[in-house]
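A.B. asks: Sequence and predicted structure, then a few things I'm wondering about:
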Amino acid sequence: MNRTRPTSLIGLGVVGLVVGFLGELGASATGMAVFIPPATLPITLVAVAIIIVAFAVPIRRAVRGRSSRRIDPFQATRVVVLAKACGLSGALLTGAGIGVLAYLLSRDVLPGGNSILLTVLATVGAVVLLVAGLIAESFCSLPPDHDDDDPENAHVDPR
């Protein structure tokens, strides 16, 4: 499995930004209420971020040789796939949060209550999820092989 590329994260962030902004614009144009993230969204995103890093720490210890416990390869695969999904969904939700925030701040009259605060908190929670997904994905990567002393590979030109 390849590492998550920055271009895919940026692309998903831009898609989320466009969908978030146009979704709010469409909702207000049709007379519907605009979407304001609930207070539980940032809490949930941070909780998922903590859980994914907690799942990846034992794998990191086993890869670094600090743990004598053997890690099931299927468990490691599941964790790295979950970490990749968290990173990608974090990028999408970050973009959507920025899009909603851009819509709310571009209005002539700012919305009442704490809707801007809730949107900022949800966006920060999405960034935390994105970073935790990338960290957990890096925790699950194997160190590079150093087979320079292997006589079978001695004839291979490194260029």
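C.D. replies: Ah, there it is.

A.B. asks: Number of residues surrounding Gly97?
C.D. replies: Counted with other C-beta atoms under 10 Å, the neighbours of Gly97 add up to 27. Where you see a C-beta, it was placed from the backbone N, CA and C, and this is true even at glycine.

A.B. asks: you'd agree it is up against Gly20?
C.D. replies: Yes - with contact defined as C-beta atoms under 8 Å, Gly97 reaches Gly20; the gap is 6.8 Å.

A.B. asks: Check the secondary structure at Met32 for me.
C.D. replies: Three-state assignment for Met32 (DSSP: H, G, I helix; E, B strand; the rest coil): coil.

A.B. asks: Distance-wise, check it relative to Gly26.
C.D. replies: Applying C-beta to C-beta, to the nearest Å, the value for Met32 to Gly26 is 8 Å.

A.B. asks: again with Gly133
C.D. replies: Taken as C-beta to C-beta, the span from Gly133 to Gly26 is 29 Å.

A.B. asks: Retrieve the pLDDT associated with Cys140.
C.D. replies: Model confidence at Cys140, given as pLDDT, is 82.

A.B. asks: residues contacting it?
C.D. replies: Cys140 sits next to 56, 59-60, 63, 76, 79-80, 83 when contact means C-beta atoms under 8 Å, 6 or more residues apart in numbering.

A.B. asks: Which SSE is immediately downstream of the lengthiest helix in the chain?
C.D. replies: Among the segments of the chain that qualify as a helix by DSSP state H, the longest is helix 73-105. Next along the chain after helix 73-105, taking DSSP states H and E as the criterion, comes helix 115-139.

A.B. asks: Counting neighbours, which bits of that following helix end up buried?
C.D. replies: Residues 115-116, 118-123, 125-137, 139 are the ones in helix 115-139 that count as buried (16 or more other C-beta atoms under 10 Å).

A.B. asks: Packing partners of that helix?
C.D. replies: Judged by 3 or more C-beta pairs under 8 Å, 6 or more residues apart in numbering; DSSP states H and E, helix 115-139 is in contact with helix 40-64, helix 73-105.
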